[in-house]
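S.K.: need coordinates for the below:
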Amino acid sequence: MTDSAEKIQEPRLWRDDGWTARVIKNEDDDGWAVAMFKDGESEPALVGPWTMGRDKKNPKPLDINAFHTLVKTAGEFVRRNEQHLHASLHQSITVTAGSSRVTVCLDIVPDDDNPYAMLSAKDEGDELLAEVRVAPSFKLNRSSAVVWAEGGFARPGER
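M.R.: Model (predicted):
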């Protein structure tokens, strides 16, 4: 899609508020679908079924209410995906090591050529105790966090 902020209100194409709704033929059956594009994105953020018109052949035209509902739904979908991605790339767990509480964090860097992760430990005052680079496949769970913390924060697998 283009970065154009031009407002369009056509039966099968609406653009406003940073979004474009395009009614398209559903390739899987005789029905119609609507694709929601965020301005500047080439792939749709959301594609869903669209209602048939009264003639049962053509799609129902877009209108202001439908467009605003689609914008809200697509925005929520994008936010949930971003939250899920963030949660999968940034994990933390607090454990007791000796007599101290330690928060162990795993931050995955999803680089296309050289993905990696940083494993870090902070004390209760949020002061960095240790940080090491690990494989992005490292599994952070309560057991691995305790083993790493009680092992003096040596690189996992190097004890």
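
S.K.: domain ranges for the chain?
M.R.: As recorded under automatic domain parsing, the domains making up the chain are 8-62, 89-150.

S.K.: buried ones in the one helix or strand Val104 maps to?
M.R.: Secondary structure assignment for Val104, by DSSP states H and E: strand 100-109. By neighbour count with 16 or more other Cβ atoms under 10 Å, strand 100-109 contains the buried residues 102-108. For glycine as for every other residue, the C-beta is placed from the backbone atoms N, C-alpha and C.

S.K.: ok, of those residues, which one's closest to Asp63?
M.R.: When these are ranked by distance to Asp63 (Cβ to Cβ), Ile108 comes first, at 43.1 Å.

S.K.: so who does the closest one touch?
M.R.: 88-90, 115-117, 136 (Cβ atoms under 8 Å, 6 or more residues apart in numbering).

S.K.: related to what we said a few turns ago, report the rounded mean pLDDT for the strand holding Val104.
M.R.: Strand 100-109 shows a mean pLDDT of 94.

S.K.: strand partners (parallel or antiparallel) of that strand?
M.R.: Applying DSSP bridges to the sheet, strand 100-109 is found paired with strand 90-97 (antiparallel), strand 116-122 (antiparallel).

S.K.: tell me how far the shortest one lies from the chain's centre.
M.R.: What that stands for is strand 116-122. The chain centre lies 21 Å from the centre of strand 116-122; the measure is Cα atoms, centre = their mean, to the nearest Å.
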